[in-house]
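Enquirer: Okay, predicted coordinates and the sequence, questions at the end:
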Amino acid sequence: MAMDEFSWDDLHIAYRVAEAGTLSAAAERLGLNHSTLLRRISRLEQQLGTRLFIRHQRGYQLTDAGQLMLERMQPVADEMVRLFNGLSTYESTPSGTLRISTVSDFSLFFAPLLHAFREAYPQIRVHVVATDERTSLASGDVHAAIRMGEQPTEPDLIARKLMPSPMDLFAAQSYVERYGLLRNMADVNRHFWVLPSGRKRQIPGIRELVDRIDPSRIVFESNSFTDIFSAVSEGMGVGPVGFLQRASSINQDLVQIDLGLPTPQAFMWFVYHKDMRGSSRIRALQNFMIEHLPGKLAGLTR
């Protein structure tokens, strides 16, 4: 079949139905009615000379040909989203919506920067996706991401190092006055602990601590470092506090604990897909953060 003998729209509709699994879900997403979707799918199947779906009461089951279409169309659909994002953000004057993903613990630190950024670029609307999950820049779900840790290595991504993201152990002055200062690893089970839960326990330094601490000495757990910081500040126990929380708080009543544990060489990264290099919005935010973040970092060392 020649390229001009079939409709790209029909193929896109069939892909969305295959992806959604039901006609209703695909119709809602595409903004089309059921009869239109059925007519377009039937026309595509007639042109192809093969069935893509087996229709039943619970939805649409893919044939082998339909499964092949779904697998081959996924990277094509992702590429089309990236193309749309690249074209829609390729402008000489920064304007429009800029979708950014950040770790959930970054919100308090990031909000003042974004406020200042909006003052400098009032034509840009910022949409923040705060999540601990790694968002896909290749699929075009977001335009850029602020990531913490080691340098991103995914292919086709551009990562700009912004600043170090150290994390150290702290205790509130009120805790030290009541329970004393923790000075070495031999005394870890003589103190109370505030620790992260889940995958965040695998962070170097924290992992070694968890292996040594009696679980009965852990009095507070959370998957949020913001919660950990609050509990440490209230004097509940010793715990890891990152630069994000220290930069966002005026509370200086914390005592640093040095146990000689390994400190990962982690950084904050500004990351975007290579197809977004032409976006003036991306350049504007990246340059703004590079210019203004040193002041934030200096505030941690005063």
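Expert: Perfect, I can see it now.
Enquirer: show me where pLDDT drops low in the protein?
Expert: 1-6, 57-59, 85-93, 107-108, 244, 246-252, 262-265, 294-302 (pLDDT under 70).
Enquirer: which is the next helix or strand following the top helix by length along it?
Expert: Once the chain is assigned using DSSP state H, the helix that runs over the most residues is helix 64-88. Note on helix 64-88: by DSSP states H and E, the next helix or strand toward the C-terminus is strand 96-102.
Enquirer: residues in contact with that next one?
Expert: Under the contact criterion Cβ atoms under 8 Å, 6 or more residues apart in numbering, strand 96-102 has outside partners 88-89, 110, 123-131, 135, 141-146, 281-282, 285. All C-beta spots, glycine's among them, are computed from the backbone N, C-alpha and C.
Enquirer: how big is the angle separating it from helix 64-88?
Expert: 110 degrees (axes from the mean of the first three to the mean of the last three Cα atoms, to 10 degrees).
Enquirer: which is the next helix or strand following strand 96-102?
Expert: Per DSSP H and E, strand 96-102 leads on to helix 107-120 as the next helix or strand towards the C-terminus.
Enquirer: elements contacting the longest helix of the chain?
Expert: helix 8-20 (3 or more Cβ pairs under 8 Å, 6 or more residues apart in numbering; DSSP states H and E).
Enquirer: Which neighbouring elements make contact with the helix it packs on?
Expert: helix 23-30, helix 34-48, strand 53-56, strand 59-62, helix 64-88.
Enquirer: In TSV: those, plus distance to residue 213 and mean neighbour count.
Expert: Listed next are the helices and strands packed on helix 8-20 as TSV, based on distance: least, Cβ to Cβ, whole Å; neighbours: other Cβ atoms under 10 Å:
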stretch	distance to residue 213	mean neighbour count
helix 23-30	47	16
helix 34-48	57	15
strand 53-56	54	13
strand 59-62	50	17
helix 64-88	43	15
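Enquirer: Out of the ones you listed, which is closest to residue 168?
Expert: With Cβ to Cβ as the criterion, residue 168 lies closest to helix 64-88 of the helices and strands packed on helix 8-20, at 38.2 Å.
Enquirer: so how far is stretch 164-181 from its chain's centroid?
Expert: 29 Å (Cα atoms, centre = their mean, to the nearest Å).
Enquirer: first to last residue in it, what's the distance?
Expert: 27 Å (Cα to Cα, to the nearest Å).
Enquirer: same question, stretch 45-64
Expert: Rule used - Cα to Cα; the end-to-end distance of stretch 45-64 is 13 Å.
Enquirer: which other residues reach that stretch?
Expert: 1, 5-6, 10, 14, 17-18, 21-23, 41, 44, 65-66, 69-70.
Enquirer: rewinding a little: what's the spacing between the longest helix of the chain and its chain's center?
Expert: That offset, for helix 64-88, works out to 22 Å (Cα atoms, centre = their mean).
Enquirer: now the angle between helix 8-20 and it, please.
Expert: 110 degrees.
Enquirer: Domain-wise, how is this structure divided?
Expert: With domains defined by automatic domain parsing, the chain comprises 3-80, 96-162+268-301, 167-257.
Enquirer: Please tell me I have it right and residue 282 contacts residue 274.
Expert: No. Between residue 282 and residue 274 there is no contact under Cβ atoms under 8 Å: 11.0 Å.
Enquirer: Residue 164 contacts residue 267, correct?
Expert: Yes. When contacts are counted by Cβ under 8 Å, residue 164 is listed as touching residue 267 (5.6 Å).
Enquirer: Run through the strands of the stretch 201-302 of the chain in chain order.
Expert: Secondary structure of the stretch 201-302 of the chain (DSSP state E, counting those that start in this stretch): strands located at 218-222, 239-242, 254-257, 267-273.
Enquirer: The spatially closest residue to residue 120 that is not a sequence neighbour and residue 272: what is the separation?
Expert: Among residues not flanking residue 120 along the chain, residue 288 sits closest, at 6.5 Å (Cβ to Cβ, 6 or more residues apart in numbering). In this view, residue 288 and residue 272 are 14 Å apart by Cβ to Cβ, to the nearest Å.
Enquirer: can you give me the helices in the stretch 101-250 of the chain?
Expert: For the stretch 101-250 of the chain, applying DSSP state H, counting those that start in this stretch gives helices covering 107-120, 173-179, 206-212, 225-233, 243-248.
Enquirer: Let me have the ones you listed in TSV, adding mean neighbour count and distance to residue 189 as columns.
Expert: What follows is these, written out as TSV (neighbours: other Cβ atoms under 10 Å; distance: least, Cβ to Cβ, whole Å):
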stretch	mean neighbour count	distance to residue 189
helix 107-120	15	32
helix 173-179	15	12
helix 206-212	15	8
helix 225-233	22	18
helix 243-248	21	25
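Enquirer: any chance of the ones you listed in JSON lines, plus distance to residue 61?
Expert: Shown next, in JSON lines, are the helices of the stretch 101-250 of the chain (distance: least, Cβ to Cβ, whole Å):
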{"stretch": "helix 107-120", "distance to residue 61": "42"}
{"stretch": "helix 173-179", "distance to residue 61": "60"}
{"stretch": "helix 206-212", "distance to residue 61": "45"}
{"stretch": "helix 225-233", "distance to residue 61": "45"}
{"stretch": "helix 243-248", "distance to residue 61": "47"}
